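*Asks:* Compute the structure for the input listed below.
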Amino acid sequence: MTIKPLIILPDPVLRQLSKSVERVDADLRKLADDMLETMYDAPGIGLAAIQIGIPLRLLVIDLAKEGETPAPLVVINPEIVHSSDERSTYEEGCLSIPDYYAEVERPATVRGRFLDREGKQQEITAEGLLATCLQHEIDHLNGVLFIDHISKLKRDMVMRKFKKLAKDRPPSRMVG
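*Replies:* Numbers count the residues shown, from 1 in each chain. Take a look at the predicted model:
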């Protein structure tokens, strides 16, 4: 497994729409394993393929806490088929927007469909942190960032900060 470099705001790659996965094969499973390794190394609880510069509808999640047995979830071509009217608020962060956190309100429960790492159709009903994480990562696949759910004033401040940081940071793009 290989740890991949993360795409960091304000990189426009993060705004790309990810394409559906056409085939679940060994290469895709290897990519999912690399994504899990990258997410664990960061450390984080979710990662979308676009965050490592690959515009595919693929994400990984693991909500296991430190010291718990890992429980990785590989989610391919996810779609939310139902969202509850009830809302919940969590403080969200993002590996592509390091060290910035904000309260985001989202549906408290979602039901979704996806393919697992073997290419089998699955359904999931998620609530709490899993529901938030799924919605956050699916947003990434649609070119949406969690800062798009906060006030324009706060979002503009975050964008200015990360544009300034990007000027001071050498470009880090993976080749291939």
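
*Asks:* Is residue 79 located within a strand, as I assumed?
*Replies:* Yes. Assessed by DSSP: H, G, I helix; E, B strand; the rest coil, residue 79 belongs to a strand.

*Asks:* check contacts around it.
*Replies:* By Cβ atoms under 8 Å, 6 or more residues apart in numbering, the residues touching residue 79 are 112, 113, 114. The C-beta positions use only the backbone N, C-alpha and C, and glycine is treated the same way.

*Asks:* Who is it paired with across the strands?
*Replies:* residue 113 (DSSP bridges).

*Asks:* same question, residue 88
*Replies:* With DSSP bridges as the criterion, the beta-bridge partners of residue 88 are residue 106.

*Asks:* How about the most centrally placed residue in the chain: what's its closest non-neighbour residue?
*Replies:* The centroid of the chain falls nearest to residue 137 when counting by Cα atoms, centre = their mean (3.2 Å). By the measure of Cβ to Cβ, 6 or more residues apart in numbering, the closest residue to residue 137 outside its immediate chain neighbours is residue 59, 4.1 Å from it.

*Asks:* now for the helix or strand encompassing that neighbour, which elements pack on it?
*Replies:* Secondary structure assigned from DSSP states H and E places residue 59 in strand 58-61. In terms of contacts (3 or more Cβ pairs under 8 Å, 6 or more residues apart in numbering; DSSP states H and E), strand 58-61 is packed against helix 26-41, strand 46-48, strand 73-83, helix 128-141.

*Asks:* Out of the ones you listed, which gets nearest to residue 91?
*Replies:* Nearest to residue 91, of all the helices and strands packed on strand 58-61, is helix 128-141, at 9.7 Å by Cβ to Cβ.

*Asks:* circling back: in terms of contact, does the residue nearest to residue 137 touch residue 140 like I think?
*Replies:* Yes. Applying Cβ atoms under 8 Å as the test, residue 59 and residue 140 come out as touching, 7.1 Å apart.

*Asks:* Please work out how many residues are found near residue 6.
*Replies:* Close neighbours of residue 6, defined as other Cβ atoms under 10 Å, add up to 21.

*Asks:* helix or strand for it, which one?
*Replies:* Assigned by DSSP H and E, residue 6 falls within no helix or strand.

*Asks:* in this structure, which helix or strand is least confident?
*Replies:* helix 152-167 (a mean of 94; mean pLDDT, DSSP states H and E).

*Asks:* Can I take it that residue 21 is in a strand?
*Replies:* No. Secondary structure assignment (three-state DSSP) places residue 21 in coil, not in a strand.

*Asks:* mind listing what it touches?
*Replies:* Residues in contact with residue 21 (Cβ under 8 Å, 6+ apart) are 28, 56, 57, 58, 76, 77, 115.

*Asks:* Alright, I will stop here.
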